[in-house]
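**Student:** could you look at this predicted model? Sequence included:
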Amino acid sequence: MTIFEINKEIQRGEQILQKGYVQEALTIFDSILEKDPGNNLALNDKGVALNQLGRYDQAIEIFQKLLAKKAANPTVVFNLIANYMKSEQWWDAGKIFKEYGHVLAHEDFENIQRRLQAAQAGQKEPYSPASNTFDYAYIHETLMPMASKRLFFIMGVPKSGTTWVQHLLNGHPEISCSGEGDFNRIMNALKDMANNYNRHITGINKNIGIENYLTFQQKDLQYLFTTAIFLLFRHWPTNGNDRIIGSKNPIMIKSIEPYPSLFPQSKYIHIIRDGRDVVTSAWFNNLRGNKEDTLCRWPDFHCFVEFGMREWVADMTKARSFGKTYNERYLEVRYEDLHNNPNPILEKMLEFLGVDPSLESLGQCIQAGSFKSLSHGRERGQEDRNAFFRKGIIGDWKNHFAPEDEDLFMGYAGKLLEELGYSS
């Protein structure tokens, strides 16, 4: 098998593992290792599968081998300690932690340290209640690992390439970025709930003349919102090795202000694309989703250009202003640069997120986000107007903008286009 074929097979095994078919995935990893015994990624994935099957001693053997080969790799150290703890080999877990704990991410270090201290004090490990039982303490215990992971958010005007970038990054073994979370909707719903409840309670207090009933405060809402997000992240598919959790959410730009303080270690990747291509892609995507409603709101493409250009300028301006405020936590990525020369741009994103940017990891990401894979076999440029990934090219706006469309767009958004380096 070629390296490409092996990586493709590993990816298939990981996808099967994520779906819960652990034994089937294990068979795939074993098959790969028969052909390529030194493949560290397949070996690591086999260890993860064995862990999920409860075969902790066998998983430990694998991670011990990897530790000897990869000299204190954080992922390997974490997995080895986790399996020692799962099998209640606390002394061995403590020994590895003492020797190699310094390579772990801060959050992982503290989480393991807490569990080791609890074991030393004779406290029981968290248990799993029956599936039909609500257990508040257990749910919070399961949220702690989520809260200790680093978070990142992919944002950009819709149809700027955020879904593509999500798939690229989700291909990395240390990243879980499996989908989109419309967190602003949760935020707004919680605000409405709290306002309605507080208004009702305030009326009751006023009626009885005593402020006897309590209302929600701002910090209560912040707690509910962050907990809701971690509850959702808890269900994100994972390969067991992820250090970082991400979410694609284009429209978070519109209500982004609370996120940096609610998630102090979070990072933000802003995908920028030529606004004319954004409008063109969005037009066809809306027609695909609901042609009748789309044509009811915008009778023709020219009307949609007028709407789309204003949305593009407003969201771009707000996101870039946010980036100036949080410049160390913000990274701009141009769709066109990623399209033309993906490796250096992807490497920059991985370094920004603090994960392994090796050629092996880059290859996995590129494979996971290839247009051919996402479009179920089409090459870039082969159009399917019934597909979300319609065409995947740069400059398609030239095929659809009439002169009056271009004049309208340039008159309103030309300055921003020029500022971003896009020619007319």
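**Tutor:** Structure received.
**Student:** residues making contact with stretch 355-372?
**Tutor:** For stretch 355-372, contacts defined as Cβ atoms under 8 Å, 6 or more residues apart in numbering pick out 3, 7-8, 10-11, 41, 164-165, 167-175, 243-244, 342-343, 346-347, 350-351, 373, 378-380, 389, 392. Backbone N, C-alpha and C define where each C-beta goes, glycine included.
**Student:** residue 138: neighbour count?
**Tutor:** Neighbourhood size, residue 138 [other Cβ atoms under 10 Å]: 14.
**Student:** same question, residue 280
**Tutor:** 26.
**Student:** which residues touch the residue nearest to it when sequence neighbours are not counted?
**Tutor:** Spatial nearest neighbour of residue 280, chain neighbours left out: residue 397 (4.5 Å); criterion: Cβ to Cβ, 6 or more residues apart in numbering. Contact analysis of residue 397 by Cβ under 8 Å, 6+ apart lists 274, 276-277, 279-280.
**Student:** now do 10 Å
**Tutor:** Taking Cβ atoms under 10 Å, 6 or more residues apart in numbering as the criterion, residue 397 is in contact with 274-281, 283, 305, 405-406, 409.
**Student:** and residue 295, by the same measure?
**Tutor:** 286-287, 303-304.
**Student:** give me the most central residue, this protein.
**Tutor:** residue 246 (2.2 Å; Cα atoms, centre = their mean).
**Student:** wait, it sits on residue 233?
**Tutor:** Yes. Residue 246 lies in contact with residue 233 (Cβ atoms under 10 Å); the separation is 9.5 Å.
**Student:** spell out which residues are contacts of both of those two.
**Tutor:** Here residue 246 and residue 233 have 149, 151, 176, 178, 181 as joint contacts, going by Cβ under 10 Å, 6+ apart.
**Student:** and the helix or strand the second one falls within, which strands flank it?
**Tutor:** Residue 151 belongs to strand 150-155 when elements are defined using DSSP states H and E. The partner list of strand 150-155 in its sheet, established with DSSP bridges, is strand 244-248 (parallel), strand 267-272 (parallel).
**Student:** give me the mean pLDDT for that strand.
**Tutor:** Averaging pLDDT along strand 150-155 gives 94.
**Student:** over to stretch 34-44?
**Tutor:** On average, stretch 34-44 scores 89.
**Student:** pull out the buried residues from stretch 84-100.
**Tutor:** 84-85, 87, 89-90, 92-94, 96-97, 100 (16 or more other Cβ atoms under 10 Å).
**Student:** and if you look at stretch 306-313?
**Tutor:** 308-309, 311-313.
**Student:** please apply the same query to stretch 330-337.
**Tutor:** 330-331, 333-336.
**Student:** how about stretch 312-331?
**Tutor:** Within stretch 312-331, the residues that count as buried by 16+ other Cβ under 10 Å are 312-313, 315-316, 319-320, 322, 329-331.
**Student:** mind listing which of those are in strands?
**Tutor:** Per DSSP state E, strands hold the following members of those: 330-331.
**Student:** nearest to residue 296, of the buried residues of stretch 312-331?
**Tutor:** Within the buried residues of stretch 312-331, the smallest distance to residue 296 is 21.9 Å, found for residue 312 (Cβ to Cβ).
**Student:** what's the separation between the closest one and residue 7?
**Tutor:** Using Cβ to Cβ, to the nearest Å, residue 312 is found at 37 Å from residue 7.
**Student:** ok, now which ones touch residue 390?
**Tutor:** 159, 280-281, 284-285, 288, 375, 378, 382-384, 396.
**Student:** out of the residues you listed, which are buried?
**Tutor:** Buried among the contacts of residue 390 by 16+ other Cβ under 10 Å: 159, 280-281, 284-285, 375, 378, 396.
**Student:** reformat these as JSON lines; add secondary structure and pLDDT.
**Tutor:** Listed next are those as JSON lines, based on DSSP: H, G, I helix; E, B strand; the rest coil; pLDDT from 0 to 100:
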{"residue": "159", "secondary structure": "coil", "pLDDT": "94"}
{"residue": "280", "secondary structure": "helix", "pLDDT": "96"}
{"residue": "281", "secondary structure": "helix", "pLDDT": "95"}
{"residue": "284", "secondary structure": "helix", "pLDDT": "95"}
{"residue": "285", "secondary structure": "helix", "pLDDT": "93"}
{"residue": "375", "secondary structure": "coil", "pLDDT": "84"}
{"residue": "378", "secondary structure": "coil", "pLDDT": "89"}
{"residue": "396", "secondary structure": "helix", "pLDDT": "94"}
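**Student:** among those, pick out the one closest to residue 263, please.
**Tutor:** Ranked by distance to residue 263 (Cβ to Cβ), those are led by residue 159 at 25.8 Å.
**Student:** so where's the stretch 1-150 of the chain uncertain?
**Tutor:** 70-71, 120-133 (pLDDT under 70).
**Student:** for residue 345, which residues are in contact?
**Tutor:** Applying Cβ under 10 Å, 6+ apart to residue 345 gives the contacts 165, 168, 333-339.
**Student:** distance between stretch 156-173 and the chain's centre?
**Tutor:** Computed by Cα atoms, centre = their mean, to the nearest Å, the chain-centroid distance of stretch 156-173 equals 8 Å.
**Student:** send the alpha carbons of that stretch over as CSV?
**Tutor:** Presented in CSV, the C-alpha positions along stretch 156-173 are these (Å, rounded to 0.1, in the frame of the first residue of the first chain):
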residue,chain,number,x,y,z
GLY,A,156,-17.0,34.1,8.4
VAL,A,157,-19.8,35.3,6.3
PRO,A,158,-21.9,32.3,5.2
LYS,A,159,-20.5,30.6,2.1
SER,A,160,-17.0,31.9,2.7
GLY,A,161,-15.5,28.5,3.1
THR,A,162,-16.1,27.9,6.8
THR,A,163,-17.5,24.4,6.3
TRP,A,164,-14.5,23.5,4.2
VAL,A,165,-12.1,24.7,6.9
GLN,A,166,-14.1,22.8,9.6
HIS,A,167,-13.6,19.5,7.7
LEU,A,168,-9.9,20.3,7.1
LEU,A,169,-9.2,20.9,10.8
ASN,A,170,-11.4,18.0,11.9
GLY,A,171,-9.0,15.7,10.0
HIS,A,172,-6.3,16.5,12.6
PRO,A,173,-5.9,13.7,15.2
